[in-house]
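Q: please find the sequence and the predicted model below.
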Amino acid sequence: MQLPPGVTSKDFSAALEQFANAVGKDWVFSSEADVNLYRDSYTPFWHEEKEPIPSAAVAPDNVEQVQQVVRIASQYKIPLWPISTGKNLGYGGAAPRMSGTVVLDLKRMNRVLEVNEKNHYALVEPGVSYFDLYHYIRERNLKVWIDPPDPGWGSLVGNALERGGGYTPMRDHFDAHCGMEIVMADGEVVRTGMGALPNSQTWQQYKYGFGPYLDGIFSQSNFGIVTKMGFWLYPEPEAYLSGTVSVPLRDDIHKMVEVFAYLANSGIVRGTTSVLKTSSFLQSDRGDTTVGLGGSTKSMEQYAAQKDLGYWSIDLPFYGAANVIAAEWEYAKEKFSVIPGVKFRDGVSYRFPLDPQQLAKIANPVPLGVPSLTTFSIGGPRSQGHIWFSPIIPMTGEAVLQAQDVFEQAYRDMGSPSAAPPGFPIWSFFSRAFVIIYFMPIEHDVEKNRRNREIFRQLIKIAAQHGWGEYRTHTAYMDDIMNAYSFNNHALLRLDETLKDALDPNGILAPGKSGVWPKRMRKANA
Amino acid sequence: MTISRALFLVALGMALGTQALAAPNESQIERGHHVYQKWCYPCHGPGTDKPGTNAMAAQGLKPAVLEERTDLTPAAIKGYVRHGIYFMPTFRKTEISDADLDAIAAYLTRSNKPAATK
């Protein structure tokens, strides 16, 4: 067992005993077999000493037990790594940033505390997954939708705190939250927004309460442990329809994105979509060098025309009243019609609620508020897992072309990561900007992983040189990415450290999360 | 450094050939079905939207839907859940307890022919 840095074996044993007194001995895990369950199944450090291995895990059942665990950890200066459902695969799973950290597993705190059908909100604990809340709502036939991300076994609380995204009009998960309960490093319980008002009637209905709005500092952070969180839900819409817009030429991207941004920022397109470079996604052409990396613009335009495809395409999702969304699609077509050669194709349409037979026929129900694990087919049947490189770029055609050129050139210079699928997916998970989501494979091969890590770190630097930063990352790259957010001699990180030292003076909460280290570990990890 | 998941599972398969099993009772099978629906079905149920089923089909494993198999052993099932395989991650005891895992194993071996459970 690897002990936390600076903690003696005697103190660690005493702490484990006290954890067991607090949560029950069945919920403290310290055998190698049990601790191994908290390792990252998609670690980029397979078979390497660098892989962060926890020392133990402790799983409280309620907020009072979380308080007790935090106070014990503070007494012995034992670092805790809180997880919600522990399924943050691709970004570190259940594993901590630093070996020897004790995982604080909140999965047992899995209560749906309230779902309100009339004001469309929910209040949940961290262990509630998207599947859990979906089934809770369906069993009661409530007319509200959740907004799942691609993998449905994640936590609403965890995903929102990581600032994840989904597909429906509630797709920005942190933005959709309303009110938190937080256990601070000294064991104090704080409620934010209207939750600070005793007997508040509006904790999940008005976000800001009174005074400084603090919720943001608890996202992607190590300043407190969120034990309850409210979310705004989407009233079940009457209907959904999608339509595809395709344009023939590479340079049509400028006008295409300009029109899309107008529609999105006007609130006409409210769901997530992606801009596709059509030719890169044709599986049958993976071996065709004229349409892959290095193909000329002309050859790709000719290819797209021969196949009756656009050079670029975009699927537009519409949610709402049937007659309204039909009109919105017509309006979108009118706006895109300024592009010569543009083509439109009507996509699927649904009226809600769907019955189970209808639902079973839908290949990917996630954009309809139904959680799924379909996304895990992405790397193929023998995939060993993946992580994501996900820079934010401007919502402009210029940025799309520049990012495509820059990253394709980087891959030509460095070589593509082994087993990386082709494609250049540009997503609108968040308002006002695009995010590119690159698949980076995980291998059980030390040399391939080492090479892929080099590529990943180089991509971070290249992105930063162009003014693009990642919205989220695997624990392995948190220091690298925080280092790129360096305006004014790393003023943001220095502010984070000031807050960290004030709120967690013993440095017990999630050391290294987002590149923010407690004072006593800062020099060693600089 | 620890033994890889793949090596573990190979070793597991070799070690299981002679393991005798107690017959699971109906209530354990029922509990196993319930736990299976929650934790396994989203990946291993029927349909092309199930990554586990797709992966097993692509590797030529028949039947690819776990519930239709009659050759799984409890120890192998537990090995996959606790050690993972390919892109299937490990599952912690706060997700699937040892008792729940026993129940899943009982459910998935309910139709085994006698030879397959030895």
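A: Looks like it came in fine.
Q: any idea which helix or strand comes after the lengthiest helix in chain B?
A: What stands out as the longest helix in chain B, according to DSSP state H, is helix B:26-39. From helix B:26-39 onward toward the C-terminus, using DSSP states H and E, the following helix or strand is helix B:41-44.
Q: helices or strands up against that next one?
A: helix B:51-58 (3 or more Cβ pairs under 8 Å, 6 or more residues apart in numbering or on different chains; DSSP states H and E). All C-beta spots, glycine's among them, are computed from the backbone N, C-alpha and C.
Q: re earlier: which of the residues in the longest helix of chain B are buried?
A: In terms of neighbour count (16 or more other Cβ atoms under 10 Å in any protein chain shown), helix B:26-39 has its buried residues at B:28-29, B:31-33, B:35-36, B:38-39.
Q: can you redo these as JSON lines with pLDDT and distance to A:Asp147?
A: Shown next, in JSON lines, are the buried residues of helix B:26-39 (pLDDT from 0 to 100; distance: Cβ to Cβ, whole Å):
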{"residue": "B:Gln28", "pLDDT": "94", "distance to A:Asp147": "37"}
{"residue": "B:Ile29", "pLDDT": "96", "distance to A:Asp147": "36"}
{"residue": "B:Arg31", "pLDDT": "97", "distance to A:Asp147": "32"}
{"residue": "B:Gly32", "pLDDT": "97", "distance to A:Asp147": "32"}
{"residue": "B:His33", "pLDDT": "97", "distance to A:Asp147": "30"}
{"residue": "B:Val35", "pLDDT": "97", "distance to A:Asp147": "27"}
{"residue": "B:Tyr36", "pLDDT": "98", "distance to A:Asp147": "27"}
{"residue": "B:Lys38", "pLDDT": "97", "distance to A:Asp147": "21"}
{"residue": "B:Trp39", "pLDDT": "97", "distance to A:Asp147": "22"}
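Q: hmm, back to that, mind listing residues that contact the longest helix of chain B?
A: Identification of contacts with helix B:26-39 by Cβ atoms under 8 Å, 6 or more residues apart in numbering or on different chains yields A:131, B:24, B:67, B:91, B:95-96, B:100, B:102-108, B:110.
Q: out of the buried residues of helix B:26-39, the closest to chain A would be?
A: B:Lys38 (7.5 Å; Cβ to the nearest Cβ).
Q: so how far is A:Arg270 from the closest one?
A: According to Cβ to Cβ, to the nearest Å, B:Lys38 and A:Arg270 sit 32 Å apart.
Q: how distant is the lowest-mean-pLDDT helix or strand in chain A from the center of its chain?
A: When the helices and strands of chain A are scored by mean pLDDT, DSSP states H and E, helix A:297-306 comes last with a mean of 83. Helix A:297-306 has its C-alpha centroid displaced from the chain centroid by 35 Å (Cα atoms, centre = their mean, to the nearest Å).
Q: coming back round to it: which of the contacts of helix B:26-39 fall in strands?
A: Judged by DSSP state E, the contacts of helix B:26-39 include no members of strands.
Q: widest-spaced pair of those residues?
A: Greatest spatial distance among these (Cβ to Cβ): A:Phe131 and B:Pro24, at 25.9 Å.
Q: can you tell me the residue of the stretch 51-200 of chain A closest to chain B?
A: Counting by Cβ to the nearest Cβ, the stretch 51-200 of chain A gets nearest chain B through A:Lys107, at 4.0 Å.
Q: helix, strand, or coil at that residue?
A: With DSSP: H, G, I helix; E, B strand; the rest coil as the basis, A:Lys107 sits in coil.
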